[in-house]
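Participant: With the sequence up front, the predicted model follows.
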Amino acid sequence: MKYIDEYRDINVVKALTTKIQKVVKHPWNIMEICGGQTHSIMKYNLSEFLPEQLSLVHGPGCPVCVTSLEKIDKALAMAQMKDVILVSFGDMLRVPGSESDLLREKSKGADVRMVYSPLDAVRIASDNPHKNIVFFAIGFETTAPVNALSVIRAKQLRLNNYFILSSQVLVPPAIKMVLELEDSSIQGFLAPGHVCAITGYNEYVFLATKFRVPFVITGFEPADILKGILTLVRQLEEGRSEVENEYRRVVSKDGNQHALKMIYDVFELTDQEWRGIGIIPESGLKVREEYSGFDAEKHFNPGTVNARESGTCIAGRILQGVSKPPECKAFGRECIPEHPLGAPMVSFEGACSAYYRYKSS
Amino acid sequence: MKISCPLPINKYDIVTLAHGGGGKLSDRLIHDLFIRELGNSWLNTAHDGAVLEMNGKIAFSTDSFVVNPLFFPGGNIGDLAVNGTVNDLVCCGAVPEYLSLGLIIEEGLKMDDLRRIIITIKNAAINANVNIVTGDTKVVEKGKGDKLFINTSGVGTVPEGIFISPERCIPGDAVIITGNIADHGIAIISSREGLSFESTIRSDTAPLNDLANVLFEITKDIHVLRDPTRGGVASALNEICNSSGHGILLEEKMIPVSAEVKGACEIMGFDPLYIANEGKLLIILPQKHAGGVLRAIRKHSLGKDASIIGRVTDGPPVVKIITLVGSTRIVDMISGEQLPRIC
């Protein structure tokens, strides 16, 4: 398959591996931000190709994992309301809230549906005029444009039964949080290619300059990731802290202006709680006042929910890159994909799930 | 007093509770649809069960079929109900002969849909060379079922000299898959509400007894047969590892997946190894027979994309894969569902 096979070519991978082995002279801790990259690293067991001095740390870039318990509890409360159809992406349905999860509510009789595109949620709203449709809109900058588009479409169709429960988060504030952690050991970042396709990478230039850490915009196939690592390690060994783009077939410096306009037409910045991490200032997107008629939290007013986390799970430390999944006492014991204690064990992009799937036996 | 006759079933455009009530309407449905389409010397007697003459070792299997939507590209629930049980018998090394057919219908199912499915069952049974010899129908209230559930059970005789069992695989054995994987699961997903996308991917539902005959003509020394349905190739091979205590090492580059299915999986984030098949066999056999068997089954229409995808190892009971880029990783059993219900 064009644009995929050539990035999974064993000879390309071998050549990159040899170059990385030659370039690395010192120990380095580098973080891949995006859950998609974490998944790919595990699926192709790329650590097998890397020298021992290189340590890959998994970042907070799994949208399912960082969605706050409070938002999940709100989604659960809305799913239980009369005449509500709760719609979300597949992975979100299994994430544990304080007391339940959406799939469990579905089995108890709630109308919970899975879609691949938010526009399908709008279609469900137009097909069911006597029901209220709540779309649980999660994601990073990558999914935000189409979440925004769903609201724009609902407005065009004059739907008064389509609402979104927004739990959308932004990458650069999370990187800043990681860099400001006292026990952070991260020396360089593989920046998330698909997020940068939307946002461009001007913000990363600011972060690289301010914190003096290098960034490489990186794709998701094995050769993409190894190329990203090679370029990042070169910077580290040479003492540079620049932003370089190794995903040029997709990412431009200024990003997708049309998509960005759509995001900020519908949403605005807000302080956002990240599960296991806490509130990060201006790290989320909420529905703007002019679109407040589509804001599920305003319409249904679920009030404050009493969210409670499991005591043993260290998802927060894992999402911040301070700990690795096997360091958690619950990993592989009380916490397995069939019975997750924390969100990183749920999503395929979650670090715990990826470790469990591809590394444990 | 004028006694009116119930309307013949073709005047009912939907199935009602009365069609399962055991009265005249049930009787009409049984005779005018089931016996008319599926009839044979056993079914025509409308007896409580079928009396069969069989000799030797008998394999017996049952399977229930729930699929949403009932009709999908490449087939419908009727194909699955016949082929599924036929293939389970094939995987026991048996020659499938007789099937039962149990229907649980939710009231309101369109009579035309039921008729289409019964005609499909008839054709699938002819194609698989089996007879449906006994059956049962129940109708449940609206909301108490999901349009139609089918159960089929089947029996077949196991010829002399054939002994198929997952414990029989031994280190060094070859693992063959008889064609492209993941077609069925992706065909279902492509037609499901909320996930639909345009594609020409069709379910691979097919009876595998004829292909198995080709296989046994080459050698009877086959250790394991398995049809990798729900949970896909990965789950089937993990089950075999657990039963035998041996490991399996796959080579990703040898696993056949059509370009369209590969594309759909890339878009949806699915791993084809975990996606259902309804017309493929996993064959585990001594390496010395692998080449001959592969050549023979590739000549069969259901085996033209067959490939040797790996081998049984002496390791712990774990499935591993050499990835496209040359690294090795574990292929675990699926946790929960990668997808919503398929079948």
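Facilitator: On my side now, so go ahead.
Participant: Which secondary structure elements does the helix or strand encompassing residue A:237 sit against?
Facilitator: Element membership for residue A:237, per DSSP states H and E: helix A:222-238. Secondary-structure packing of helix A:222-238 (3 or more C-beta pairs under 8 Å, 6 or more residues apart in numbering or on different chains; DSSP states H and E): helix A:10-23, strand A:28-34, helix A:35-43, strand A:188-192, strand A:215-218. Where C-beta positions appear, they are placed from N, C-alpha and C, glycine not excepted.
Participant: What residue in the stretch 201-350 of chain A comes nearest to chain B?
Facilitator: Residue of the stretch 201-350 of chain A nearest chain B, by C-beta to the nearest C-beta: residue A:337 (3.3 Å).
Participant: CA atoms only for the lowest-mean-pLDDT helix or strand in chain A - export them in PDB, please.
Facilitator: One helix or strand of chain A scores below all others by mean pLDDT, DSSP states H and E: helix A:351-359, with a mean of 81. The C-alpha atoms that make up helix A:351-359 are tabulated as PDB, following Å, rounded to 0.1, in the frame of the first residue of the first chain:
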ATOM      1  CA  ALA A 351       0.800   2.900  27.400                       C
ATOM      2  CA  CYS A 352      -0.400   0.200  29.900                       C
ATOM      3  CA  SER A 353      -2.500  -1.600  27.300                       C
ATOM      4  CA  ALA A 354       0.300  -1.400  24.800                       C
ATOM      5  CA  TYR A 355       2.800  -2.900  27.300                       C
ATOM      6  CA  TYR A 356       0.300  -5.600  28.300                       C
ATOM      7  CA  ARG A 357      -0.600  -6.500  24.700                       C
ATOM      8  CA  TYR A 358       2.800  -6.700  23.200                       C
ATOM      9  CA  LYS A 359       5.300  -7.200  26.000                       C
END
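Participant: what's next to that helix, contact-wise?
Facilitator: Residues from elsewhere that reach helix A:351-359 (C-beta atoms under 8 Å, 6 or more residues apart in numbering or on different chains): A:35, A:38-39, A:41-43, A:45, A:58, A:62, A:65, A:315, A:318-319, A:324-326, A:328, A:331-332, A:335-337, A:340, A:342, A:344-348, B:329-330, B:332, B:335.
Participant: ok, of those residues, which come out buried?
Facilitator: Neighbour counting by 16 or more other C-beta atoms under 10 Å in any protein chain shown classes A:35, A:38-39, A:41-43, A:45, A:58, A:62, A:65, A:315, A:318-319, A:324-325, A:328, A:331-332, A:335-337, A:340, A:342, A:344-348, B:329-330, B:332, B:335 among those as buried.
Participant: Return the subset of these lying in strands.
Facilitator: Among the buried ones among the contacts of helix A:351-359, DSSP state E puts A:58, B:329, B:330 in strands.
Participant: Tell me where the model's unsure across the stretch 201-350 of chain A.
Facilitator: A:304-308, A:348-349 (pLDDT under 70).
Participant: need the residues of it near chain B, please.
Facilitator: Within the stretch 201-350 of chain A, the residues that sit near chain B (C-beta under 8 Å from any C-beta of the partner chain) are A:222, A:223, A:336, A:337, A:338, A:348.
Participant: wait, isn't the fourth one in contact with residue A:343?
Facilitator: No: counting by C-beta atoms under 8 Å, residue A:337 does not reach residue A:343; the two are 11.6 Å apart.
Participant: what residues are up against residue A:3?
Facilitator: By C-beta under 8 Å, 6+ apart, residue A:3 lies in contact with residue A:249.
Participant: Checking it next. Helix, strand or coil?
Facilitator: Look at residue A:3: counting by DSSP: H, G, I helix; E, B strand; the rest coil, its state is coil.
Participant: tell me the angle of the helix holding residue A:237 relative to helix A:10-23?
Facilitator: 10 degrees (axes from the mean of the first three to the mean of the last three C-alpha atoms, to 10 degrees).
Participant: Verify the stated contact: residue A:315 with residue A:323.
Facilitator: No: with contact defined as C-beta under 8 Å, residue A:315 and residue A:323 do not form a contacting pair (9.5 Å).
Participant: quick revisit: need the max-distance pair from the residues of the stretch 201-350 of chain A next to chain B.
Facilitator: A:223 and A:338 (33.6 Å; C-beta to C-beta).
Participant: Looking at the two now, which is surrounded by more residues?
Facilitator: residue A:223 (20 against 9; other C-beta atoms under 10 Å in any protein chain shown).
Participant: Quick check: mean pLDDT of stretch B:131-151?
Facilitator: Averaging pLDDT along stretch B:131-151 yields 95.
Participant: which of the residues in that stretch are buried?
Facilitator: Across stretch B:131-151, burial judged by 16+ other C-beta under 10 Å covers B:131-135, B:137, B:139, B:145, B:147-151.
Participant: With stretch A:100-108 instead?
Facilitator: In stretch A:100-108, counting by 16+ other C-beta under 10 Å, buried: A:100, A:101, A:102, A:103, A:104, A:105, A:106.
Participant: What segments of the stretch 201-343 of chain B are helices?
Facilitator: For the stretch 201-343 of chain B, the helices defined by DSSP state H, counting those that start in this stretch occupy B:209-218, B:232-244, B:259-268, B:287-298.
Participant: and those helices, which one's lowest on average pLDDT?
Facilitator: Minimum mean pLDDT among the helices of the stretch 201-343 of chain B: helix B:259-268, a mean of 87.
Participant: Identify each buried residue in it, please.
Facilitator: Across helix B:259-268, burial judged by 16+ other C-beta under 10 Å covers B:260, B:261, B:262, B:263, B:264, B:265, B:268.
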